[in-house]
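J.: attaching a predicted model along with its sequence, questions to come.
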Amino acid sequence: MEDIGGSSSNDNNNNGGIIKEQDRLLPIANVGRLMKRILPQNAKISKEAKETMQECVSEFISFVTSEASEKCRKERRKTVNGDDICWALATLGFDNYAEPMRRYLHRYREVEVDHNKVNLQEKGNSPEEKDDELFKLSNRGVGL
Amino acid sequence: MVMAEEEESGVSIQLEFPKGRVKKIMALDKDVKRVSSEALFLVSRSTELFLQFLAEKSAQVAIEKKRKTVNLEHIREAVKRHQPTRDFLLDELPPPSQPTKPDRPTQPAGRPKLDPPPRGTRRIDLFFRKPELDDPAQAQPPENPAQAQPPENPDQDQAQSPVPVDES
């Protein structure tokens, strides 16, 4: 769970409520790389176009988040979840994103469950825990 | 429209954009209190798809206009062509550059055309030129160095080299 409301407001207060440009936009290198991958080999991208695209994707994030957040507020929930994002995409006219996102969400949850299982198994056999057990035993005077 | 790539092995957790930055942008909305990790993942993924879609459409516009470089005007045109994108994004784009007025004669950017100077004035660069002599024979230096005129002030050469003065 990501508790993002509090941390961001603290950051803004420290800077006198001013939001840095770099915090408001996604990195231009990532934007440029993704654009290059889509465009034809011989195509070029102007710096102005990259900067505009930075603004566009940030606006998209805010737009979708705002819609999902509004749904949570109406339903008196504090946490925005994956279903809210899928719903927001469909509501805002990005229906063709909503379905792939639902599939992503389903797979993501499966992967998360698998990760959690693996983590639990690893925790049981972790060398740190073994060392702790040995340390306790040695303190009690029990031979190894 | 670009669709999400699906892998049989499962979801690729690797995202194109840093999660921390996406989270900060989401947090700019004061109403957002908490966001689950899956919501953050989906926002990042959908943003990638949106960027790919917009880049693709902008490239199409550039090709239509026979341009190799995608610029702001191509993005603007791509935004206009997709209704949901136009609804939230068109007002956020910088205003289009003003077209130049055709009735004004175009001039090279190097030097602006100035009004002619009043009669009787001389150009300042004439002051720095050597005066052109009518008789070309006068312009040549004399062959015999003895013919050369001596300096008008003969003491001038001595004055140039300082002579030590005996203070006593």
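T.: Here it is on my side, so go on.
J.: report whether the helix or strand hosting A:Pro100 contacts chain B.
T.: Using DSSP states H and E, A:Pro100 sits within helix A:95-124. Yes - on the criterion Cβ under 8 Å from any Cβ of the partner chain, helix A:95-124 is in touch with chain B at A:96-97, A:100-101, A:103-105, A:107-112. For every residue, glycine as well, the C-beta is placed using N, CA and C.
J.: elements contacting that helix?
T.: Helices and strands touching helix A:95-124, as assessed by 3 or more Cβ pairs under 8 Å, 6 or more residues apart in numbering or on different chains; DSSP states H and E, comprise helix A:82-91, helix B:37-64.
J.: mind listing what's buried along that helix?
T.: For helix A:95-124, a neighbour-count test (16 or more other Cβ atoms under 10 Å in any protein chain shown) marks A:96-98, A:100-102, A:104-105, A:107-108 as buried.
J.: the residues you listed: which two are farthest apart?
T.: Spanning the widest gap among the buried residues of helix A:95-124 are A:Asn96 and A:Tyr108, at 19.1 Å by Cβ to Cβ.
J.: B:His74 contacts A:Thr52, correct?
T.: No - taking Cβ atoms under 8 Å as the definition, B:His74 is not a contact partner of A:Thr52, at 9.8 Å.
J.: so where does the residue lying closest to B:Thr85 once chain neighbours are set aside fall, helix or strand?
T.: Of all residues not flanking B:Thr85 in the chain, B:Val79 sits nearest, at 5.2 Å (Cβ to Cβ, 6 or more residues apart in numbering or on different chains). B:Val79 is part of helix B:72-81 when elements are defined by DSSP H and E.
J.: which parts of chain B are helices?
T.: Taking DSSP state H as the test, the helices found in chain B are B:19-27, B:37-64, B:72-81, B:83-89, B:125-128, B:136-139, B:155-160.
J.: right, so those: which one is the most enclosed?
T.: helix B:37-64 (a mean of 22; mean count of other Cβ atoms under 10 Å in any protein chain shown).
J.: okay, the angle between it and helix A:95-124?
T.: Using axes from the mean of the first three to the mean of the last three Cα atoms, to 10 degrees, the inter-axis angle of helix B:37-64 relative to helix A:95-124 is 140 degrees.
J.: quick one on the thing from earlier: which one of the helices and strands packed on helix A:95-124 lies closest to B:Pro18?
T.: Of all the helices and strands packed on helix A:95-124, helix B:37-64 comes closest under Cβ to Cβ, at 8.8 Å.
J.: check which helices and strands the closest one sits against.
T.: Against helix B:37-64 (3+ Cβ pairs under 8 Å, 6+ apart) you get helix A:28-38, helix A:47-74, helix A:82-91, helix A:95-124, helix B:19-27, strand B:69-70, helix B:72-81.
J.: just want the angle from that helix to helix B:19-27.
T.: For helix B:37-64 against helix B:19-27, the angle by the same axes, to 10 degrees is 90 degrees.
J.: identify the residue nearest B:Val32 in space, chain neighbours excluded?
T.: A:Ser69 (4.8 Å).
J.: hmm, that neighbour is touching B:Lys30, no?
T.: No - the pair A:Ser69 / B:Lys30 is not scored as a contact, 9.4 Å apart, by Cβ under 8 Å.
J.: any stretches of chain A with poor pLDDT?
T.: The model of chain A has pLDDT under 70 over residues A:1-23, A:115, A:117, A:119, A:121-144.
J.: repeat the analysis, applying 80 as the threshold.
T.: Residue ranges of chain A with pLDDT under 80: A:1-24, A:41-42, A:76, A:99, A:102-104, A:106-107, A:112-144.
J.: phi first, then psi, for A:Ile45.
T.: Torsion angles at A:Ile45 (phi, psi; degrees, to the nearest 10) stand at phi -130, psi 130.
J.: kindly state the beta-bridge partners for it.
T.: Using DSSP bridges, the bridge partners assigned to A:Ile45 are B:Val70.
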